[in-house]
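In: with the input below, show me the fold.
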Amino acid sequence: MRVAKLFLVVGLSLTNCQNLFAASAQSDFDEDGKSELTLITINDNNSLSWNSKSAQSGVAASHGNLGKSGDHVVMGNWNGLSLGIIKEDEDTGKVTWKVKDMNGVVKTLEFGTNKDLFVSGGDYDGDGRLDAAVVESKGKKLKWKIILHPFGDEGAAEVQEFTFGKKNEAAFFMDLEGTGDWIAVLGEDPKKSTKRIARIKNIVTGEVRKIKTGNPKSRPEPIADSTGIDNFAFINKGTNTTSIIIKDRSGKKISKTTIPAPGEDEGEVIIGDFTNEPGEEVAVQSSTGFVVFNPFTKGLTEISADDGIPVDEININSFQKAPGSGDSGDDGTIQPDNCGTLNLPDGGDGNLWKPNSDTQYYAVFVAHSQYTGKISQVRTYDASNNQFIKNLTYKGVGNGNRSNWQDYSLTGSNYKSQYGAIRIRVDLKSGSCVSAVVTDPSDRVD
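Out: Predicted structure coming up:
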């Protein structure tokens, strides 16, 4: 996450980092002008501890606690560098944005509901501070709601609304000129259904641009070059590798690389201005820390770091399946009698449900090695009515030759608060399926 700024260029992943003038990194805890590697750990009481490490000096620092398991992360320059989370009210469905600056000052904002897609990391007016945005359905279209400088000393601006995008398109943002972020969606190219096209709108001027992006397999993340203007980063975690494809503002591919990530807890990515090379880098988590790749110079740097969940300033996510997620989903039901029994728990190193992945923060299902290479899809359902919830994403094969299936928006605590017990269904390539009920998704089951 990163953000575009007036006098700073933030350095991290999905947002934009640019600037009209001098640029400074967004997650710059030590104020050396570069992004720090930021890691979160989940404590025994489910609270979140925030830590960072400088890629320049190697110095590590602790920044205290904020939030708990089940919250979403929205750190960044809200009014100065701040830790940040979004939490949901389980009874009302309302969500609260909460930030804590480096002086310990805490501010909150109630904005959106747990059915919305929240978009954190964008600076839409180019003043150097993050703006809060949520996306909701308006029929078959997407309605963006944006609050400028929500935690500024002058107070939050009025909510602005923009109808832009279709319900099944993936919402994101990026800075095309170095003057601030534009809202954006990635959807099907009307002239060729196998291709994708990005439509990007400047909310200040109303200008809309269309950029053909080929056939990417992921939502684009903005990554700034040496001019401070964003390019498209398409990042995919596959079996034993993380693939990084960078395309410029015309949709032309300018860089492609593959970083080995063979372990269960490897391959997660953050974006930032970590080194002295021009432009931002992609930091891929490894078994010993991070491999930092600069797509503009092709430079590779290895940095050691402690274990933790890597985060940056950009988070486009939801507490439930939401419009603008780019996931058309599957609203069907399952018939449990048609599936065999998935042994969970099985009392060993077989099937495993983890409420929080060691690296990605959200829930993950690890399948017994007997299923490796044989699974076509893993899904979650509400156990009370068999209604579909989510398709989990294949993440690769990890320890014990077991395949990992990651949720990228819900933790185990989220599942428990929203659905209670859930059913995990594993569809096999043979055409059969197995399923099991997880009574308390907030607990580890193995």
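In: bridging residues for the spatially most central residue of the chain?
Out: Against the mean C-alpha coordinate of the chain, by Cα atoms, centre = their mean, the closest residue is N315 at 4.7 Å. In this entry, N315 is beta-bridged to S120, by DSSP bridges.
In: that one reaches G84, doesn't it?
Out: No: N315 is beyond contact range of G84, at 9.1 Å (criterion: Cβ atoms under 8 Å). For every residue, glycine as well, the C-beta is placed using N, CA and C.
In: between those two, which contacts overlap?
Out: 73-74, 120 (Cβ atoms under 8 Å, 6 or more residues apart in numbering).
In: redo the residues you listed as CSV? Include pLDDT.
Out: Compiled in CSV, the shared contacts of N315 and G84 are given as follows (pLDDT from 0 to 100):
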residue, pLDDT
V73, 90
V74, 92
S120, 93
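In: buried only: go through the residues you listed for me.
Out: 73-74, 120 (16 or more other Cβ atoms under 10 Å).
In: list just the nearest of the residues you listed to W405.
Out: Nearest to W405 among these is V73, at 21.7 Å by Cβ to Cβ.
In: the chain - how does it break down into domains?
Out: Residue ranges for the domains of the chain, per automatic domain parsing: 36-317, 336-438.
In: in a markdown table, list those domains along with distance to R444.
Out: Formatted as a markdown table, the domains of the chain follow (distance: least, Cβ to Cβ, whole Å):
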| stretch | distance to R444 |
| --- | --- |
| domain 36-317 | 12 |
| domain 336-438 | 6 |
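In: comparing those by mean pLDDT, which bottoms out?
Out: Lowest mean pLDDT within these: domain 336-438, a mean of 83.
In: show me where the stretch 301-446 of the chain has its helices.
Out: 412-419 (DSSP state H, counting those that start in this stretch).
In: strands of that one, start to end?
Out: 309-311, 315-317, 340-341, 352-354, 364-366, 375-382, 387-391, 393-397, 403-406, 422-428, 433-438 (DSSP state E, counting those that start in this stretch).
In: now swap in the stretch 101-250 of the chain and tell me
Out: 106-113, 117-120, 132-138, 141-147, 160-166, 170-174, 182-189, 192-201, 208-214, 221-224, 230-237, 241-247.
In: with distance to S69 added, can I get those in TSV?
Out: Shown next, in TSV, are these (distance: least, Cβ to Cβ, whole Å):
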stretch	distance to S69
strand 106-113	19
strand 117-120	18
strand 132-138	22
strand 141-147	26
strand 160-166	31
strand 170-174	25
strand 182-189	30
strand 192-201	34
strand 208-214	35
strand 221-224	24
strand 230-237	22
strand 241-247	25
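In: please work out which of those strands is packed deepest.
Out: Most buried of these, by mean neighbour count (mean count of other Cβ atoms under 10 Å): strand 221-224, with a mean of 32.
In: chain center to that strand, what's the gap?
Out: 13 Å (Cα atoms, centre = their mean, to the nearest Å).
In: that one pairs with which strands?
Out: Sheet pairing for strand 221-224, using DSSP bridges, gives strand 230-237 (antiparallel).
In: the strand it pairs with to strand 182-189, inter-axis angle?
Out: Angle between the axes of strand 230-237 and strand 182-189 is 60 degrees (criterion: axes from the mean of the first three to the mean of the last three Cα atoms, to 10 degrees).
In: strand 170-174 and strand 230-237, what's the angle between them?
Out: Taking the same axes, to 10 degrees, one finds strand 230-237 and strand 170-174 inclined to each other by 140 degrees.
In: just the CA trace of strand 230-237, in PDB.
Out: What follows is strand 230-237, C-alpha atoms only, in PDB (Å, rounded to 0.1, in the frame of the first residue of the first chain):
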ATOM      1  CA  ASP A 230       2.000   4.800 -10.800                       C
ATOM      2  CA  ASN A 231       2.300   1.700 -13.000                       C
ATOM      3  CA  PHE A 232       0.200  -1.500 -12.800                       C
ATOM      4  CA  ALA A 233       1.600  -4.300 -10.600                       C
ATOM      5  CA  PHE A 234       0.000  -7.700 -11.100                       C
ATOM      6  CA  ILE A 235       1.100 -10.100  -8.300                       C
ATOM      7  CA  ASN A 236       0.200 -13.800  -8.200                       C
ATOM      8  CA  LYS A 237       1.200 -16.300  -5.600                       C
END
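In: also compute the angle for that strand relative to strand 192-201, please.
Out: Using the same axes, to 10 degrees: strand 230-237 against strand 192-201 is 130 degrees.
In: if we can go back for a sec, looking at the shared contacts of N315 and G84, spot the one nearest D427.
Out: The closest of those, once distances to D427 are taken by Cβ to Cβ, is V73, at 31.1 Å.
In: my read: the closest one touches G84, true?
Out: Yes: V73 sits in contact with G84 when judged by Cβ under 8 Å, with a separation of 6.9 Å.
In: for the helix or strand encompassing F290, name the packing helices and strands.
Out: Assigned by DSSP states H and E, F290 belongs to strand 289-293. When contacts are defined as 3 or more Cβ pairs under 8 Å, 6 or more residues apart in numbering; DSSP states H and E, strand 289-293 packs onto strand 253-260, strand 281-285, strand 300-304.
In: keeping just the C-alphas, turn the second one into CSV.
Out: What that stands for is strand 281-285. Backbone C-alpha positions of strand 281-285 (Å, rounded to 0.1, in the frame of the first residue of the first chain) are rendered in CSV as follows:
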residue,chain,number,x,y,z
GLU,A,281,10.0,-2.2,-5.0
VAL,A,282,8.1,-5.3,-4.4
ALA,A,283,9.1,-7.1,-1.1
VAL,A,284,8.3,-10.8,-1.2
GLN,A,285,8.3,-12.6,2.2
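In: which other residues reach that strand?
Out: Counting by Cβ under 8 Å, 6+ apart, 37, 223, 233, 235, 242, 244, 259, 261, 265-275, 290-295, 301, 303, 310, 359 sit against strand 281-285.
In: apply 6 Å and report the result again.
Out: Residues from elsewhere that reach strand 281-285 (Cβ atoms under 6 Å, 6 or more residues apart in numbering): 242, 244, 259, 266, 268-271, 274, 290-294, 310, 359.
In: ditto for the first one
Out: Strand 253-260 is contacted by residues 241-248, 284, 291, 293, 295 when judged by Cβ under 6 Å, 6+ apart.
In: got the CA coordinates for stretch 36-54 in CSV?
Out: Below are the C-alpha coordinates for stretch 36-54, written out as CSV (Å, rounded to 0.1, in the frame of the first residue of the first chain):
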residue,chain,number,x,y,z
GLU,A,36,10.2,0.3,6.6
LEU,A,37,9.1,-3.3,6.4
THR,A,38,6.0,-3.4,8.6
LEU,A,39,5.0,-6.6,10.4
ILE,A,40,2.0,-7.5,12.6
THR,A,41,1.9,-10.3,15.1
ILE,A,42,-1.2,-11.7,16.8
ASN,A,43,-0.9,-12.1,20.5
ASP,A,44,-2.4,-14.8,22.7
ASN,A,45,-5.2,-12.4,23.7
ASN,A,46,-5.9,-11.7,19.9
SER,A,47,-4.5,-8.2,20.1
LEU,A,48,-2.3,-6.9,17.3
SER,A,49,1.4,-5.9,17.9
TRP,A,50,3.0,-3.6,15.3
ASN,A,51,6.7,-3.8,14.4
SER,A,52,9.0,-2.4,11.7
LYS,A,53,12.5,-3.0,10.3
SER,A,54,14.5,-0.6,8.3
